[in-house]
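*Asks:* Here is my input; please provide its structure:
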Amino acid sequence: MLGEKIRKLRKQKKLTLEQLAGSELTKGMLSLIENNKAKPSMESLEYIASRLGVAISDLMGETSIQETRELLEKAEALINLDFENNKDKFKELIMLIEPYTPKLSHGYESARLLDIYSRSLFHEQKSGWKELVQQVSTMYDEMNLTARRASIGIFNALEKFYEHRYSESLAIFINERKEVEAKHAFIDPMTRLDFDYYEAILYFAVGNADAASKVIENALSYSKEKRIFYLIDELYRIAAAHSMMSNDKEKTDYFLTKLKQYGEFVEDFKPLFFYKLFKLMSLTFEQHKYGLALELINEYSEDFALVEQFGPWLYIEKGKALYGLGHYQEAIENIEKSEIPHYIHHPFDLSIFYIKHAYKALAYLALEDHSKALLTAETAVTLFEPLPDSSFKQFSNEVYNKIVETQKKA
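*Replies:* The predicted structure is shown next:
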């Protein structure tokens, strides 16, 4: 309220009531104003504003620049928290920013706050975020903030991606990219690579591998030319995943080697884990070296941090290895421990998890539980049905057909 705002500004300026009152107001009257027990005239407001060194609009309800900056600082601190460590952060952000939204109309701080607010509304499945995205996009365009504008355009496209409506997501993304490139004369290298990465994964998601591969090839060449390594590991990972699911061993080995080299160079355990994961999948899915796979999985499982972050993937591979070694009940138990993380949405990543149902069905079949085998195999086929063709999808269909044929002979 007005009185509280005056008091806050006075204390920030380290003024006493008497000093702010000066010759035009009494100390008592100013105290009443600060406690919202008296309404100042416009002349008194102009006088108070001049004594505080602020515009009268700062006292009349508009948020001051200083107040907006302090609000943004709090919001940035919250948005940067790991979601797993604070699952209520988006609710907290909504409560923090919402009272100020009617006053956030211009300037970087206002645009960024509305940006964070719209993302928070989306994550909490509340309405109104789409309209805010359009408002923020316009604000970023007007300030020529290319990277921010691109980021919110990508966010807008990913709504459909999270719903697994990949074609719609790609169409929105292509439109957003065209808009940014038309309105912004210079696209910085990192923004260009952001665009390339999301374009590639969306082309892969709709099954257009040729277009995706071309985008990745151009992105890698551009990175090399500009000598920057932003998103390189993600590009190698998605390229390796596609090559593996297309049974292209030569390209799979090439991209995995690059992924490993990158991980070792930057000393980042995430790309190194996915290098190990792809090698494990090769042992269990292609080479059928189940004993070696199980040895490696047990070795990796001694690393608590690795299991904590990547346990779901390891449980699947352990289940596949145990199935291959004839430990069918143990295989089922390990597979059932693996749940799909909430952030997994790409068909390649989903395929890694969906194939567990095919192996689980095979384990039930080996245990002669034909009803569970058929039901589980049907689950795999149903989950894979909307995804692009891949060796994993083909394998699941083969497992289903095998179980159906087995039941016919029984």
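*Asks:* Quick one: residues in contact with stretch 308-317.
*Replies:* By C-beta atoms under 8 Å, 6 or more residues apart in numbering, the surrounding residues in contact with stretch 308-317 are 273, 277, 280-281, 284, 293, 297, 300-301, 306-307, 334-335, 337-341, 352-353, 355-356, 359. Where you see a C-beta, it was placed from the backbone N, CA and C, and this is true even at glycine.
*Asks:* now the helices for the stretch 251-400 of the chain?
*Replies:* Applying DSSP state H, counting those that start in this stretch to the stretch 251-400 of the chain gives helices spanning 269-281, 290-300, 304-324, 328-336, 347-366, 370-384, 391-409.
*Asks:* Now for residue 104: which residues touch it?
*Replies:* So residue 104 contacts 63, 68, 110-111, 113-114 (C-beta under 8 Å, 6+ apart).
*Asks:* what about the closest residue to it other than its chain neighbours, how many neighbours?
*Replies:* Nearest non-adjacent residue to residue 104, counting by C-beta to C-beta, 6 or more residues apart in numbering: residue 110, 3.7 Å away. Residues near residue 110, counting by other C-beta atoms under 10 Å, number 22.
*Asks:* among the contacts of stretch 308-317, which ones are buried?
*Replies:* Neighbour counting with 16 or more other C-beta atoms under 10 Å marks 273, 277, 280-281, 284, 293, 297, 300, 306, 334-335, 338, 352-353, 355-356, 359 as buried within these.
*Asks:* so who does the residue most central in space within the chain touch?
*Replies:* In the chain, the residue lying closest to the centroid (C-alpha atoms, centre = their mean) is residue 343, at 6.8 Å. Residue 343 makes contact with no residue, according to C-beta under 8 Å, 6+ apart.
*Asks:* and if you look at the one 5 residues further on?
*Replies:* Residue 348 makes contacts with 204, 238, 241-242, 245, 390, as judged by C-beta under 8 Å, 6+ apart.
*Asks:* These in helices, which ones?
*Replies:* Residues of the contacts of residue 348 located in helices (DSSP state H): 204, 238, 241-242, 245.
*Asks:* farthest pair in those residues?
*Replies:* The most widely separated members of the ones in helices among the contacts of residue 348, counting by C-beta to C-beta, are 238 and 245 (10.8 Å).
*Asks:* what sits up against stretch 75-86?
*Replies:* 89, 92-93, 96-97, 112-113, 116, 119-120.
*Asks:* from the residues you listed, which ones fall inside helices?
*Replies:* Per DSSP H, helices hold the following members of the contacts of stretch 75-86: 89, 92-93, 96-97, 112-113, 116, 119-120.
*Asks:* I'd assumed residue 25 was in contact with residue 44.
*Replies:* Yes: the pair residue 44 and residue 25 qualifies as a contact (C-beta atoms under 8 Å) at a distance of 6.5 Å.
*Asks:* ok, the two, which is more surrounded?
*Replies:* The residue with more neighbours, out of residue 44 and residue 25, is residue 25; 19 against 16, by other C-beta under 10 Å.
*Asks:* per-residue confidence for the more buried one?
*Replies:* Residue 25 is assigned a predicted lDDT (pLDDT) of 86.
*Asks:* right, and it touches residue 45 too?
*Replies:* No: with contact defined as C-beta under 8 Å, residue 25 and residue 45 do not form a contacting pair (10.8 Å).
*Asks:* which residues do these two both contact?
*Replies:* With C-beta under 8 Å, 6+ apart, residue 25 and residue 45 have no common neighbours.
*Asks:* what residues does stretch 351-367 touch?
*Replies:* With C-beta under 8 Å, 6+ apart as the test, stretch 351-367 has contacts from 245, 281, 285, 312-313, 316, 319-320, 323, 326, 328-329, 331-332, 335-336, 338, 340, 344, 370, 372-374, 376-377, 379-380, 383-384, 387, 390, 392-393, 395-396, 399-400, 402-403, 406.
*Asks:* PyMOL command for the buried members of those?
*Replies:* Buried residues within those, by 16+ other C-beta under 10 Å, are selected in PyMOL with:
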select buried, resi 245+281+285+312+313+316+319+320+323+328+331+332+335+338+373+374+376+377+379+380+383+384+387+390+392+393+395+396+399+400+402+403
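*Asks:* Out of the contacts of residue 348, which one has the lowest pLDDT?
*Replies:* For those, the pLDDT minimum is residue 245, 91.
*Asks:* residues touching the closest residue to it other than its chain neighbours, list them.
*Replies:* The spatial neighbour of residue 245 that comes closest, neighbours along the chain excluded (C-beta to C-beta, 6+ apart), is residue 390 at 3.8 Å. Shown in contact with residue 390 (C-beta under 8 Å, 6+ apart): 245-246, 347-348, 351.
*Asks:* switch to 10 Å and redo it
*Replies:* Counting by C-beta atoms under 10 Å, 6 or more residues apart in numbering, residue 390 touches 207, 241-242, 244-247, 347-348, 351, 355, 384, 396.
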